[in-house]
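Undergrad: quick one: sequence plus predicted model below, questions after.
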Amino acid sequence: MSRSPHNDEYVRRVNLVIDYIYANLAGDLTLERLASVAGFSPFHFHRIFKLLVDETLSQFVWRARVERGALLLRTRPQLPVSDVAAVCGFGSLAAFSRAFKQRFGLPPTRWITHQPEPVRLEQRTGCPAEFPVTIRQLPPQRLAYVRVFDSYSDYARIVEAYHRLVAWYCSKGGEPGDTALYGMSHDDPDITPLPLCRFDWCVSVPAGWTSNGDVAIRDFPACDVAAVSMTGDIHLEEQVLYYLWGCWLPSSVYQPADLPAMEIYRRWPDASGTDETFHLDCAVPIIPLGA
């Protein structure tokens, strides 16, 4: 998403709309409804959205629904395809199948067993050494966040967004390290095009705090997470995440919840934002298998 000194409030409002879309894929996602969420007139909002997100509103909604369907088919194969279509906001199985084939080049019934060519930085076979996994509950929280698009291509943008969130938090009277800090990845790069993948820096804030600039606030529900505690560099984090998703989760009695994977920081990054040693828990929100 583009950013300038003059559009922080626009960015915040568009991010609220994006969050609303993903939380209401089966609901009313018309231009009129989403413009209302953003606080813009419908006449202007579709132009604003296209300028900031580089997709039209209808393209974004369509892609969000199809890609959520792909994720559900992969992570919850016990769901009938017709149920997946309904959950993702398609009026019929036929409409979902047409959209799915247009996006991925094959019908949804084949996607369940299809293994796409991975786009991750490393190719791996088998599982690394096991990491201890703990299950714990996170409480409901009010999170302030700054969002980064194209989060896999430019680490400097991640660092810059971290500084913006820290500066905002300190302007409210907080001190780095005195509340929970999260990094949340919303998209699977094997499904969503890399330039459209989203990453949020989030801090837990009191109920009375309000947002401003490009910092938005949302309510995050209580959830159970499967977590691995680690202290190390980005390469260790990649190994932990691969183990959680590729080894531990498929052999467990859990499946991913409809919430973003997250980094839970035990210690905030240093002032440079580029500390090579991370002190964090890699966590995947989970629900019982088949729930």
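TA: Nice, thanks for sending it over.

Undergrad: need the next SSE after the one helix or strand residue 160 maps to, C-terminal direction.
TA: Applying DSSP states H and E as the criterion places residue 160 in helix 155-171. Where DSSP H and E defines the elements, the next helix or strand beyond helix 155-171 is strand 181-185.

Undergrad: how big is the angle separating that next one from helix 155-171?
TA: For strand 181-185 against helix 155-171, the angle by axes from the mean of the first three to the mean of the last three CA atoms, to 10 degrees is 140 degrees.

Undergrad: need the CA coordinates for strand 181-185. PDB is fine.
TA: Listed in PDB are the C-alpha atoms of strand 181-185, where the atom choice follows Å, rounded to 0.1, in the frame of the first residue of the first chain:
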ATOM      1  CA  LEU A 181       4.000  -6.700  20.900                       C
ATOM      2  CA  TYR A 182       2.900  -9.000  18.000                       C
ATOM      3  CA  GLY A 183       3.900  -9.400  14.400                       C
ATOM      4  CA  MET A 184       1.000 -10.900  12.400                       C
ATOM      5  CA  SER A 185       1.200 -12.500   9.000                       C
END
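
Undergrad: now do that strand: everything it contacts.
TA: The contact list for strand 181-185 (CB atoms under 8 Å, 6 or more residues apart in numbering) reads 143, 145, 151, 197-204, 260-265, 268, 280. C-betas here are computed from N, CA, C, even on glycine.

Undergrad: tell me the mean pLDDT over that strand?
TA: When pLDDT is averaged over strand 181-185, the result is 95.

Undergrad: for the following helix or strand past it, name the packing helices and strands.
TA: Under the assignment DSSP H and E, the closest C-terminal helix or strand after strand 181-185 is strand 198-204. Counting contacts by 3 or more CB pairs under 8 Å, 6 or more residues apart in numbering; DSSP states H and E, strand 198-204 is packed against strand 141-149, helix 155-171, strand 181-185.

Undergrad: quick revisit: please pick the buried ones from the contacts of strand 181-185.
TA: 143, 145, 151, 197-203, 260-265, 268, 280 (16 or more other CB atoms under 10 Å).

Undergrad: and stretch 207-226, what's buried?
TA: Those would be 209, 211, 213-218, 220, 223-226, for stretch 207-226 by 16+ other CB under 10 Å.

Undergrad: circling back to that earlier point, hey, least reliable of the helices and strands packed on strand 198-204 by pLDDT?
TA: The weakest mean pLDDT among these belongs to helix 155-171, with a mean of 91.

Undergrad: all helices of the chain, in order?
TA: Assigned by DSSP state H, the chain shows helices spanning 8-23, 31-38, 42-53, 57-75, 81-87, 93-104, 108-111, 155-171, 234-242.

Undergrad: with mean neighbour count and distance to residue 193 added, can I get these in TSV?
TA: Shown next, in TSV, are the helices of the chain (neighbours: other CB atoms under 10 Å; distance: least, CB to CB, whole Å):
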stretch	mean neighbour count	distance to residue 193
helix 8-23	19	15
helix 31-38	18	21
helix 42-53	16	13
helix 57-75	20	9
helix 81-87	18	21
helix 93-104	16	10
helix 108-111	17	17
helix 155-171	16	17
helix 234-242	16	20
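
Undergrad: can you list those helices in JSON lines and add distance to residue 189?
TA: Below are the helices of the chain laid out as JSON lines (distance: least, CB to CB, whole Å):
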{"stretch": "helix 8-23", "distance to residue 189": "17"}
{"stretch": "helix 31-38", "distance to residue 189": "26"}
{"stretch": "helix 42-53", "distance to residue 189": "18"}
{"stretch": "helix 57-75", "distance to residue 189": "11"}
{"stretch": "helix 81-87", "distance to residue 189": "21"}
{"stretch": "helix 93-104", "distance to residue 189": "14"}
{"stretch": "helix 108-111", "distance to residue 189": "17"}
{"stretch": "helix 155-171", "distance to residue 189": "15"}
{"stretch": "helix 234-242", "distance to residue 189": "12"}
